[in-house]
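> Quick one, what's the 3D model for this:
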Amino acid sequence: MGARVNTVRLEADRDTGVAVVTLDRPERLNAVDLVMVRELAETWGRLRCDDSVRAVVLTGAGERAFCTGIDRDAAVPQPSSPYMQDDPLLGAGPKANGLWKPVVAAVRGMACGGAFYLLGESEFVVADTTAVFFDPHTTYGMVSAYESVLMAGRMPYGEVARMMLMGTAERISAERAHAVGLVSEVVGPGEALDAAVRCAAVIAGYPPKGVQGTVRALWAAGEAARAQGCAQAPHLIALGNLSPGRQAELFAARRREFRVR
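Numbering: from 1, shown residues only. Below you'll find the predicted structure:
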(Lines give C-alpha, C1' and ligand atoms only; values in the text may rest on other atoms or scores of the structure.)
Protein backbone atom coordinates (compact mmCIF):
# COMPACT_ATOMS: atom_id res chain seq x y z
CA MET A 1 0.00 0.00 0.00
CA GLY A 2 1.26 3.47 -0.81
CA ALA A 3 -0.44 6.84 -0.91
CA ARG A 4 0.83 10.32 -1.74
CA VAL A 5 -1.04 13.38 -0.56
CA ASN A 6 0.01 17.00 -0.63
CA THR A 7 2.04 17.30 2.56
CA VAL A 8 2.09 13.84 4.15
CA ARG A 9 3.44 10.66 2.58
CA LEU A 10 2.22 7.25 3.77
CA GLU A 11 3.99 4.02 2.87
CA ALA A 12 3.16 0.68 4.45
CA ASP A 13 4.85 -2.71 4.21
CA ARG A 14 2.26 -5.45 4.65
CA ASP A 15 5.00 -8.06 5.15
CA THR A 16 6.44 -6.33 8.21
CA GLY A 17 3.29 -4.54 9.39
CA VAL A 18 5.15 -1.22 9.56
CA ALA A 19 3.89 2.04 8.07
CA VAL A 20 6.13 5.07 7.55
CA VAL A 21 4.47 8.48 7.78
CA THR A 22 6.62 11.27 6.34
CA LEU A 23 6.06 14.98 6.82
CA ASP A 24 6.70 16.06 3.24
CA ARG A 25 7.36 19.80 3.05
CA PRO A 26 11.18 19.81 3.01
CA GLU A 27 11.24 23.18 1.26
CA ARG A 28 9.53 24.61 4.39
CA LEU A 29 11.58 22.49 6.82
CA ASN A 30 8.44 20.34 7.25
CA ALA A 31 6.62 23.16 9.00
CA VAL A 32 2.98 22.36 9.65
CA ASP A 33 0.27 24.29 7.84
CA LEU A 34 -3.48 23.75 8.01
CA VAL A 35 -3.39 21.38 5.06
CA MET A 36 -0.84 19.18 6.83
CA VAL A 37 -2.93 19.16 10.02
CA ARG A 38 -5.90 17.88 8.04
CA GLU A 39 -3.84 15.33 6.16
CA LEU A 40 -2.16 14.06 9.32
CA ALA A 41 -5.58 13.56 10.92
CA GLU A 42 -6.73 11.69 7.82
CA THR A 43 -3.57 9.56 7.86
CA TRP A 44 -3.92 8.59 11.52
CA GLY A 45 -7.59 7.76 10.89
CA ARG A 46 -6.66 5.57 7.96
CA LEU A 47 -4.06 3.72 10.04
CA ARG A 48 -6.60 3.12 12.82
CA CYS A 49 -8.68 1.06 10.43
CA ASP A 50 -5.87 -0.83 8.68
CA ASP A 51 -5.24 -4.02 10.63
CA SER A 52 -2.28 -4.87 8.40
CA VAL A 53 -0.38 -1.98 10.02
CA ARG A 54 0.73 -2.82 13.54
CA ALA A 55 3.43 -0.18 14.15
CA VAL A 56 4.18 3.25 12.69
CA VAL A 57 7.31 5.31 12.11
CA LEU A 58 6.99 9.10 11.88
CA THR A 59 9.72 11.09 10.16
CA GLY A 60 10.40 14.22 8.11
CA ALA A 61 11.52 14.55 4.50
CA GLY A 62 14.93 15.98 3.68
CA GLU A 63 18.12 16.36 5.67
CA ARG A 64 17.56 19.70 7.42
CA ALA A 65 14.58 19.12 9.70
CA PHE A 66 12.15 16.65 11.19
CA CYS A 67 9.66 19.48 11.75
CA THR A 68 9.94 23.16 12.67
CA GLY A 69 6.45 23.56 14.11
CA ILE A 70 3.63 25.69 12.80
CA ASP A 71 4.31 27.45 9.50
CA ARG A 72 4.52 31.16 10.27
CA ASP A 73 2.76 31.86 6.97
CA ALA A 74 -0.24 29.72 7.93
CA ALA A 75 -3.34 31.83 8.50
CA VAL A 76 -4.98 30.52 11.68
CA PRO A 77 -8.24 32.36 12.47
CA GLN A 78 -8.60 33.06 16.20
CA PRO A 79 -11.70 34.14 18.12
CA SER A 80 -11.23 37.23 20.26
CA SER A 81 -12.20 35.46 23.50
CA PRO A 82 -9.36 33.94 25.58
CA TYR A 83 -11.75 31.11 26.46
CA MET A 84 -11.91 29.91 22.86
CA GLN A 85 -8.32 29.90 21.64
CA ASP A 86 -7.79 27.53 18.72
CA ASP A 87 -4.54 25.63 18.28
CA PRO A 88 -4.54 23.58 15.07
CA LEU A 89 -1.61 21.45 16.19
CA LEU A 90 -3.76 19.90 18.93
CA GLY A 91 -5.38 17.80 16.20
CA ALA A 92 -2.18 16.77 14.43
CA GLY A 93 -0.90 13.91 16.57
CA PRO A 94 -1.72 10.21 16.61
CA LYS A 95 -3.17 10.15 20.15
CA ALA A 96 -5.36 13.15 19.42
CA ASN A 97 -6.86 11.05 16.62
CA GLY A 98 -7.35 7.92 18.68
CA LEU A 99 -4.49 5.88 17.20
CA TRP A 100 -3.21 3.48 19.85
CA LYS A 101 -0.77 1.66 17.60
CA PRO A 102 2.84 2.36 18.60
CA VAL A 103 4.51 5.32 16.89
CA VAL A 104 8.30 5.61 16.75
CA ALA A 105 9.69 9.01 15.72
CA ALA A 106 12.82 9.19 13.56
CA VAL A 107 14.49 12.61 13.82
CA ARG A 108 17.08 14.09 11.51
CA GLY A 109 18.03 17.76 11.71
CA MET A 110 15.91 20.30 13.55
CA ALA A 111 12.94 19.46 15.74
CA CYS A 112 11.55 22.56 17.37
CA GLY A 113 8.43 24.32 18.63
CA GLY A 114 5.31 22.59 17.38
CA ALA A 115 7.33 19.47 16.52
CA PHE A 116 6.95 18.61 20.21
CA TYR A 117 3.23 17.98 19.69
CA LEU A 118 4.22 15.09 17.42
CA LEU A 119 7.19 13.88 19.46
CA GLY A 120 5.08 14.10 22.62
CA GLU A 121 2.51 11.74 21.11
CA SER A 122 5.12 9.21 19.91
CA GLU A 123 6.13 6.25 22.05
CA PHE A 124 9.86 6.90 21.71
CA VAL A 125 12.32 8.84 19.59
CA VAL A 126 15.32 7.67 17.56
CA ALA A 127 17.63 10.46 16.41
CA ASP A 128 20.73 10.69 14.29
CA THR A 129 23.72 12.79 15.29
CA THR A 130 22.53 15.78 13.22
CA ALA A 131 19.36 16.15 15.31
CA VAL A 132 18.89 19.23 17.49
CA PHE A 133 15.95 20.18 19.69
CA PHE A 134 14.85 23.66 20.79
CA ASP A 135 11.78 25.80 21.39
CA PRO A 136 11.73 29.35 19.95
CA HIS A 137 8.52 30.56 21.63
CA THR A 138 9.98 32.82 24.32
CA THR A 139 12.37 34.47 21.85
CA TYR A 140 9.40 35.70 19.84
CA GLY A 141 7.26 36.78 22.78
CA MET A 142 5.10 33.66 22.92
CA VAL A 143 4.14 31.26 25.70
CA SER A 144 5.39 27.71 25.31
CA ALA A 145 2.35 25.99 26.79
CA TYR A 146 1.32 22.75 25.12
CA GLU A 147 4.91 22.04 24.11
CA SER A 148 6.07 22.41 27.71
CA VAL A 149 3.28 20.20 29.01
CA LEU A 150 4.11 17.41 26.57
CA MET A 151 7.87 17.58 27.11
CA ALA A 152 7.45 17.68 30.90
CA GLY A 153 6.35 14.06 30.58
CA ARG A 154 9.54 13.14 28.74
CA MET A 155 12.35 15.05 30.43
CA PRO A 156 13.40 16.22 33.91
CA TYR A 157 11.87 19.55 34.92
CA GLY A 158 15.12 21.49 34.79
CA GLU A 159 15.92 20.26 31.30
CA VAL A 160 12.47 21.14 29.97
CA ALA A 161 12.59 24.54 31.66
CA ARG A 162 16.02 25.31 30.23
CA MET A 163 15.05 24.29 26.70
CA MET A 164 11.82 26.29 26.73
CA LEU A 165 13.24 29.40 28.42
CA MET A 166 16.48 29.62 26.43
CA GLY A 167 14.53 29.92 23.18
CA THR A 168 16.63 30.15 20.04
CA ALA A 169 19.88 30.86 21.93
CA GLU A 170 20.50 27.20 22.69
CA ARG A 171 19.86 23.87 21.02
CA ILE A 172 20.00 20.41 22.60
CA SER A 173 22.16 17.95 20.70
CA ALA A 174 21.04 14.40 20.03
CA GLU A 175 23.56 13.18 22.59
CA ARG A 176 22.23 15.50 25.30
CA ALA A 177 18.65 14.62 24.40
CA HIS A 178 19.59 10.96 24.86
CA ALA A 179 21.22 11.68 28.21
CA VAL A 180 18.06 13.35 29.56
CA GLY A 181 15.61 10.80 28.18
CA LEU A 182 14.00 12.61 25.27
CA VAL A 183 15.76 10.35 22.76
CA SER A 184 16.02 6.60 23.23
CA GLU A 185 18.80 5.92 20.71
CA VAL A 186 21.35 7.97 18.76
CA VAL A 187 22.63 6.66 15.43
CA GLY A 188 24.86 7.89 12.64
CA PRO A 189 23.90 10.62 10.16
CA GLY A 190 20.99 9.55 7.99
CA GLU A 191 20.42 6.30 9.92
CA ALA A 192 17.50 7.31 12.15
CA LEU A 193 14.75 6.13 9.80
CA ASP A 194 16.26 2.67 9.31
CA ALA A 195 16.86 2.30 13.05
CA ALA A 196 13.28 3.33 13.86
CA VAL A 197 11.89 0.95 11.24
CA ARG A 198 13.90 -1.91 12.75
CA CYS A 199 12.38 -1.21 16.18
CA ALA A 200 8.89 -0.88 14.70
CA ALA A 201 9.27 -4.18 12.83
CA VAL A 202 10.07 -5.99 16.07
CA ILE A 203 7.04 -4.46 17.80
CA ALA A 204 4.81 -5.21 14.80
CA GLY A 205 5.74 -8.87 15.12
CA TYR A 206 4.07 -9.13 18.53
CA PRO A 207 0.33 -9.76 19.10
CA PRO A 208 -1.26 -6.36 18.39
CA LYS A 209 -3.84 -6.27 21.17
CA GLY A 210 -1.18 -6.64 23.83
CA VAL A 211 0.96 -3.98 22.18
CA GLN A 212 -1.89 -1.51 21.79
CA GLY A 213 -3.04 -2.09 25.36
CA THR A 214 0.47 -1.33 26.55
CA VAL A 215 0.54 1.89 24.51
CA ARG A 216 -2.78 2.90 26.04
CA ALA A 217 -1.54 2.11 29.55
CA LEU A 218 1.64 4.13 29.05
CA TRP A 219 -0.34 7.13 27.81
CA ALA A 220 -2.79 6.79 30.70
CA ALA A 221 0.09 7.04 33.18
CA GLY A 222 0.50 10.74 32.44
CA GLU A 223 -2.94 11.56 31.10
CA ALA A 224 -4.27 13.38 34.18
CA ALA A 225 -1.24 15.66 34.44
CA ARG A 226 -1.35 16.44 30.73
CA ALA A 227 -5.07 17.23 30.87
CA GLN A 228 -4.59 19.62 33.78
CA GLY A 229 -1.66 21.36 32.13
CA CYS A 230 -3.42 21.68 28.78
CA ALA A 231 -6.52 23.09 30.48
CA GLN A 232 -4.40 26.06 31.62
CA ALA A 233 -2.71 26.55 28.27
CA PRO A 234 -5.30 28.67 26.40
CA HIS A 235 -5.47 31.23 29.22
CA LEU A 236 -1.70 31.40 29.61
CA ILE A 237 -1.28 31.87 25.87
CA ALA A 238 -3.95 34.57 25.73
CA LEU A 239 -2.35 36.41 28.65
CA GLY A 240 1.29 35.99 27.70
CA ASN A 241 1.57 36.15 23.91
CA LEU A 242 2.59 39.39 22.28
CA SER A 243 0.52 40.59 19.34
CA PRO A 244 1.16 38.81 16.03
CA GLY A 245 2.69 41.99 14.65
CA ARG A 246 5.17 42.27 17.49
CA GLN A 247 6.00 38.57 17.20
CA ALA A 248 6.77 39.10 13.51
CA GLU A 249 9.08 41.99 14.38
CA LEU A 250 11.01 39.85 16.85
CA PHE A 251 11.18 37.00 14.34
CA ALA A 252 12.57 39.32 11.66
CA ALA A 253 15.16 40.73 14.07
CA ARG A 254 16.22 37.38 15.52
CA ARG A 255 19.87 36.59 16.04
CA ARG A 256 21.27 33.68 14.07
CA GLU A 257 23.82 32.66 16.71
CA PHE A 258 23.10 29.73 18.99
CA ARG A 259 24.90 27.30 21.27
CA VAL A 260 24.55 23.54 21.02
CA ARG A 261 24.90 21.57 24.22
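
> Going by C-alpha atoms from here, please, whenever you check contacts or count neighbours.
Will do.

> I'd assumed residue 104 was in a strand, is it?
Yes - the assignment for residue 104 (DSSP: H, G, I helix; E, B strand; the rest coil) places it in a strand.

> Give me the neighbour count for it.
By the criterion of other Cα atoms under 10 Å, residue 104 has 25 neighbours.

> what do you get for residue 257?
By other Cα under 10 Å, the residues close to residue 257 number 8.

> Low-confidence stretches in the protein?
For the chain, the stretches flagged by pLDDT under 70 are 1-5, 75, 78, 82, 84-85.

> at 80 instead, please
1-5, 74-86 (pLDDT under 80).

> Break down it into its helices, ranges please.
For the chain, the helices defined by DSSP state H occupy 34-48, 115-120, 146-152, 157-166, 174-179, 192-204, 208-221, 223-240, 244-252.

> Out of these, indicate the one that is most buried.
Each of the helices of the chain was scored by mean neighbour count; the highest is helix 115-120, a mean of 25, by mean count of other Cα atoms under 10 Å.

> re earlier: tabulate the helices of the chain in a markdown table, adding columns for distance to residue 18.
Output for these, formatted as a markdown table (distance: least, Cα to Cα, whole Å):
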| stretch | distance to residue 18 |
| --- | --- |
| helix 34-48 | 10 |
| helix 115-120 | 18 |
| helix 146-152 | 25 |
| helix 157-166 | 31 |
| helix 174-179 | 24 |
| helix 192-204 | 6 |
| helix 208-221 | 12 |
| helix 223-240 | 26 |
| helix 244-252 | 39 |
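
> Quick check: which of these is nearest to residue 11?
helix 34-48 (10.6 Å; Cα to Cα).

> how about the nearest residue to residue 258, chain neighbours excluded?
residue 169 (4.5 Å; Cα to Cα, 6 or more residues apart in numbering).

> thinking again about what came up before, can you say which of the helices of the chain is nearest to residue 132?
helix 174-179 (5.9 Å).
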